[in-house]
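K.L.:
Need coordinates for the below:
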Amino acid sequence: MSESRSRPAAALILGIFIALGLSIAGIFLARGVESAKRFECFVTVKGLSEREVPADLGIWPVRFRVAANDLKSLEDQIATGRKTIHQFLTAAGFKEDEISSSPPQITDAEAVTNTSSNEQTKPAFRYSALVTVLLRSSNVDEIRKAMEKSDQLVQSGVALSGDEYTGRAEFLFTGVNKIKPDMIEEATVNARKAAEKFAADSNSKVGVIRRATQGTFEINDRDSSSPHRKIVRVVTTVDYFLK
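P.N.:
Now for the predicted structure:
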């Protein structure tokens, strides 16, 4: 008789424990879902950092053309032109190791005519050469001054040659690594300001960073008339949790 009475009591106790277990599990599950939803709430913002810097490297290809009917005369003109440009650049204060010459590009007009199927007027000179003397220096201001005086080379008999693409000086900025940490910090600060404004508008608060991506550093001329002045720009993309 006592055994039959104890069975319902044990079942009742077991049921109570099961109910309590399910209740506790439901509480933890609800908290987990709430926490998961909280972590899904974030905002993506971008931060910009931009600086104007002077170019720290200049490359000036000084090109000239010569022509002759024999290779010996052509070579003499090439040597004379190179010497004149070299003297001009050293007089402007540039060092020997900043000046170099590349092999001349020589054209034989007679060979060109023989390989052409169309009749062409015979040129005044059989041989012509395009010669380049390259100046590579960190003294950008002095390069610009020398370029302004390049008419002196013409007066000395050097027929300068160079179009918009092949004869134009190039100015570069090579010090990105020195300013990179500060610019990344500035971009990140600006990104957080944007996140804080968004959070304030949505009655939220900015939490920790969920994910951050650094953009590529871009270096461009300030404008077409000032290639010696550069604009360095980077944009970071940051996800912030909102709470």
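K.L.:
Please enumerate the helices of this protein.
P.N.:
2-40, 71-91, 109-115, 140-148, 151-155, 176-201 (DSSP state H).
K.L.:
Could you tell me the least trusted of these?
P.N.:
For the helices of the chain, mean pLDDT drops lowest on helix 2-40, to a mean of 56.
K.L.:
Next, the contact list for the residue most central in space within the chain, please.
P.N.:
Ranked by distance to the mean C-alpha position of the chain (C-alpha atoms, centre = their mean), the top residue is Glu218 at 3.7 Å. Going by C-beta atoms under 8 Å, 6 or more residues apart in numbering, Glu218 touches Val232, Arg233, Val234. Backbone N, C-alpha and C define where each C-beta goes, glycine included.
K.L.:
Narrow those residues to those that are buried.
P.N.:
Neighbour-count burial (16 or more other C-beta atoms under 10 Å) is assigned, among these, to Val232, Arg233, Val234.
K.L.:
quick one, domains of this structure?
P.N.:
Residue ranges for the domains of the chain, per automatic domain parsing: 1-40, 42-56+173-243, 57-172.
K.L.:
Could you tell me the end-to-end distance of the longest one?
P.N.:
Here the two ends of domain 57-172 are set 5 Å apart, with distance taken as C-alpha to C-alpha, to the nearest Å.
K.L.:
and which of the contacts of Glu218 is nearest to Ala199?
P.N.:
Closest approach to Ala199 among those (C-beta to C-beta): Val234, at 23.9 Å.
K.L.:
Skip the chain neighbours and tell me the closest residue to the closest one.
P.N.:
Leaving aside its chain neighbours, Val234 sits nearest to Phe217 (5.0 Å; criterion: C-beta to C-beta, 6 or more residues apart in numbering).
K.L.:
Quick check: bridge partners of the nearest residue to Ile106 once chain neighbours are set aside?
P.N.:
Nearest non-adjacent residue to Ile106, counting by C-beta to C-beta, 6+ apart: Ala129, 4.7 Å away. Ala129 has these beta-bridge partners by DSSP bridges: Val66, Ile106.
K.L.:
I'd say Ala129 and Leu71 touch.
P.N.:
No - at 9.5 Å, Ala129 does not count as touching Leu71 under the criterion of C-beta atoms under 8 Å.
K.L.:
Name the residue in those two with the higher neighbour count.
P.N.:
Ala129 (20 against 13; other C-beta atoms under 10 Å).
K.L.:
Next, the contact list for the more buried one, please.
P.N.:
Arg65, Val66, Ala67, Leu74, Gln77, Ile78, Pro104, Gln105, Ile106, Thr107.
K.L.:
ChimeraX command to pick out the buried ones of those residues?
P.N.:
In ChimeraX syntax, the buried subset of the contacts of Ala129 is picked out as below (16+ other C-beta under 10 Å):
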select :65,66,67,74,77,78,104,107
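K.L.:
Adding distance to Ser204, write the contacts of Ala129 out as CSV.
P.N.:
Output for the contacts of Ala129, formatted as CSV (distance: C-beta to C-beta, whole Å):
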residue, distance to Ser204
Arg65, 69
Val66, 73
Ala67, 75
Leu74, 77
Gln77, 76
Ile78, 73
Pro104, 69
Gln105, 66
Ile106, 72
Thr107, 71
